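Asker: Fold the following for me, if possible:
(chains A, B and C)
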Amino acid sequence: MNAVENQQFFSRSLLEWYLVHRRDLPWRRHRNPYYIWVSEIMLQQTRVETVKPYFQRFIEKFPTIEALADAPEDEVLKAWEGLGYYSRARNLQSAVREVKESYGGVVPDTKEEVSALKGVGPYTTGAILSIAYNKPVPAVDGNVMRVLSRYFLIEEDIMKVSTRVRMENLVSELFPEGHAGDFTQALMELGALVCTPKSPHCLTCPVMEHCAGRLEGKEESLPIKKKAKPPRPEARLAALIRGSGERAGQFLIRQRPETGLLARMWELPHVLSPEPAYAVSGGGAGADALEAALAAEAGLRLQPLHWLMEAEHTFSHIHWNMGVYVCELAPGLPGAAGAASRSAERSLPADYVWVDAHTWREYAFPNVFLRIISRYLEDSGA
DNA sequence: AATACGGGGAC
DNA sequence: GTCCCAGTATT
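Answerer: Now for the predicted structure:
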């Protein structure tokens, strides 16, 4: 069998297999380019099972490009809460607004236009054009790299751009005439269901007999991928600042800046700590450090009351070890008991807001703060 | 080419 | 604990 015959065998077998084994996924029920687009953004670095409920809720809340374009950003972030990589949500809304303004609300169908949209890179460009418009534009993700590296025995580091480009060229040759969308999904579906990262199910694979990786006994060691750097540790101290007097039952949250980590998400006030929480472990040293740092940073005069908990949270590049104290504001300051509280309200930094056991849920928090606040409210019997 | 950017599920 | 997942933007 020559190379061309091998490619034809691969494409035809894979396509046939897909038409039988394709999963019934929410975004596969219609050929709505907006649905495809939303699902592809959500699926970046995120598993299908995680995305399903988010996708359903998101489409219910923002059924059309128009609806998403006109929504407040806060609501979009809230709908994304817990999914991670929140710039995806903000870029998606920004791009949807662009489609509304420049393309009359219709997702464009050329490579140039689609790939120019915010948050849409080479993979998502191919996914939208092939799945929504059945155009033969390659969509090479982790699944596709794994499948191709095994079947065609490609032993290049898949982290390298040059490898992804080689895979894209390969997929372009492999597209079966008139079936671009199904073929794109077939490649990913095989990677998700059969050609899995560990213990691939080769015996049920439709192209096993000509898989070069398996014939060489290398199916478990492919694809080749350089190890990622471990996240750097970062110790932090957080304050659950509860109100007293007429602010009883409330606590203080703040919104993160426009850019960087967890941009525009809400959180409890927290600061970098010289010592990890396990060294502080609820002692006065941590409370003192927190009080001093938050005074310097936000002008808040804290009165730490007691230790709440330790919280660990790992991002891809940072590991937070966070010690959390329950605090109040020193008397005479906003939220504290005392006559001056009304007029002193202005001295709260602009990005700080009081919430209570119900209203806090309207704000979008990263997971680690959802855990901390939930624990606090349980403990306080709210 | 390297790094920033979340979170969770499978082993 | 480790891996890595339907990646993109920025430097």
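Asker: Going by C-alpha atoms from here, please, whenever you check contacts or count neighbours.
Answerer: Noted.
Asker: mind showing which ranges of chain A have poor pLDDT?
Answerer: A:277-282, A:332-346, A:382 (pLDDT under 70).
Asker: Excluding sequence neighbours, find me the nearest residue to the residue of the stretch 151-300 of chain A found nearest DNA strand C.
Answerer: Here the stretch 151-300 of chain A gets closest to DNA strand C at one residue, A:Ala192, 4.8 Å apart by CA to the nearest atom of the strand. Of all residues not flanking A:Ala192 in the chain, A:Asn143 sits nearest, at 6.7 Å (CA to CA, 6 or more residues apart in numbering).
Asker: Also A:Leu129?
Answerer: Using CA to CA, 6+ apart and skipping residues adjacent in sequence, the residue nearest A:Leu129 is A:Lys135, 5.4 Å away.
Asker: which non-adjacent residue is nearest the most centrally placed residue in chain A?
Answerer: Nearest residue to the geometric centre of chain A (CA atoms, centre = their mean): A:Gly84, 2.8 Å. Using CA to CA, 6+ apart and skipping the chain neighbours, the partner closest in space to A:Gly84 is A:Pro366 (7.7 Å).
Asker: Likewise for A:Ala79?
Answerer: In space, A:Ala79 is closest to A:Phe58, 6.3 Å off (CA to CA, 6+ apart).
Asker: Also A:Tyr352?
Answerer: With sequence-adjacent residues excluded and distances taken as CA to CA, 6+ apart, A:Tyr352 is closest to A:Arg254, at 4.2 Å.
Asker: The one you found is in contact with A:Pro269, isn't it?
Answerer: Yes: taking contacts as CA atoms under 8 Å, A:Arg254 lies within contact range of A:Pro269: 6.4 Å.
Asker: close to DNA strand B, is stretch A:90-103?
Answerer: No: using CA under 7 Å from any atom of the strand, stretch A:90-103 stays clear of DNA strand B, coming no nearer than 10.3 Å.
Asker: Could you measure from the nearest residue to A:Asp356 once chain neighbours are set aside over to A:Ile128?
Answerer: Leaving out its chain neighbours, the residue that sits closest to A:Asp356 by CA to CA, 6+ apart is A:Gln250, at 4.2 Å. The gap separating A:Gln250 from A:Ile128 is 45 Å, by CA to CA, to the nearest Å.
Asker: more crowded one of these two?
Answerer: Neighbour tally, A:Gln250 and A:Ile128, criterion other CA atoms under 10 Å: the higher count belongs to A:Ile128, 31 against 20.
Asker: Would you enumerate the residues in contact with the more buried one?
Answerer: By CA atoms under 8 Å, 6 or more residues apart in numbering, the contact list for A:Ile128 reads A:Pro33, A:Ile36, A:Trp37, A:Glu40.
Asker: Check A:Val76 too.
Answerer: A:Val76 neighbours (CA under 8 Å, 6+ apart): A:Leu68, A:Ala89, A:Arg90, A:Gln93.
Asker: Secondary structure element for it, which one?
Answerer: Assessed by DSSP states H and E, A:Val76 sits inside helix A:73-80.
Asker: Okay, domains of chain A per the record?
Answerer: Domain segmentation of chain A under automatic domain parsing yields A:3-215, A:232-379.
Asker: A:Pro223: which of those domains is closest?
Answerer: domain A:3-215 (5.4 Å; CA to CA).
Asker: what about that closest one, start to end distance?
Answerer: Using CA to CA, the end-to-end distance of domain A:3-215 comes to 16 Å.
Asker: need the residues of the stretch 101-250 of chain A near DNA strand C, please.
Answerer: Residues of the stretch 101-250 of chain A lying near DNA strand C (CA under 7 Å from any atom of the strand): A:117-125, A:141-143, A:146, A:185, A:188-189, A:191-192, A:197, A:225, A:227.
Asker: Among those residues, the buried ones, what's the PyMOL command?
Answerer: A single PyMOL command is used to select the members of these judged buried by 16 or more other CA atoms under 10 Å:
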select buried, chain A and resi 117+118+119+120+122+123+124+125+141+142+143+146+185+188+189+191+192+197
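Asker: just to revisit the earlier point, nearest to A:Ser221, out of the domains of chain A?
Answerer: Taking CA to CA, domain A:3-215 is the member of these nearest to A:Ser221, at 9.0 Å.
Asker: hang on, the earlier thing: what's the helix or strand harbouring the residue nearest to A:Ala192 packed up against?
Answerer: Using DSSP H and E, A:Asn143 falls within helix A:142-151. Based on contacts counted as 3 or more CA pairs under 8 Å, 6 or more residues apart in numbering; DSSP states H and E, the elements that helix A:142-151 packs against are helix A:161-174, helix A:180-193, helix A:212-215.
Asker: ranking these by burial, who's on top?
Answerer: helix A:180-193 (a mean of 23; mean count of other CA atoms under 10 Å).
Asker: From the contact counts, what lies against whichever helix or strand A:Ile372 is part of?
Answerer: Assessed by DSSP H and E, A:Ile372 sits inside helix A:367-379. Secondary-structure packing of helix A:367-379 (3+ CA pairs under 8 Å, 6+ apart): strand A:302-314.
Asker: Is DNA strand B within reach of the strand it packs on?
Answerer: Yes: contact of strand A:302-314 with DNA strand B (CA under 7 Å from any atom of the strand) involves A:Thr314.
Asker: any residue of that strand up close to DNA strand C?
Answerer: No: Strand A:302-314 is not in contact with DNA strand C by CA under 7 Å from any atom of the strand; minimum separation 9.1 Å.
Asker: Mind listing residues that contact that strand?
Answerer: Taking CA under 8 Å, 6+ apart as the rule, strand A:302-314 contacts A:231, A:277-278, A:282-283, A:287, A:291, A:294-295, A:319-330, A:368, A:372, A:376.
Asker: same question, stretch A:290-301
Answerer: Residues from elsewhere that reach stretch A:290-301, judged by CA under 8 Å, 6+ apart: A:237-239, A:269-271, A:273, A:302-304, A:329-330, A:333, A:348-349.
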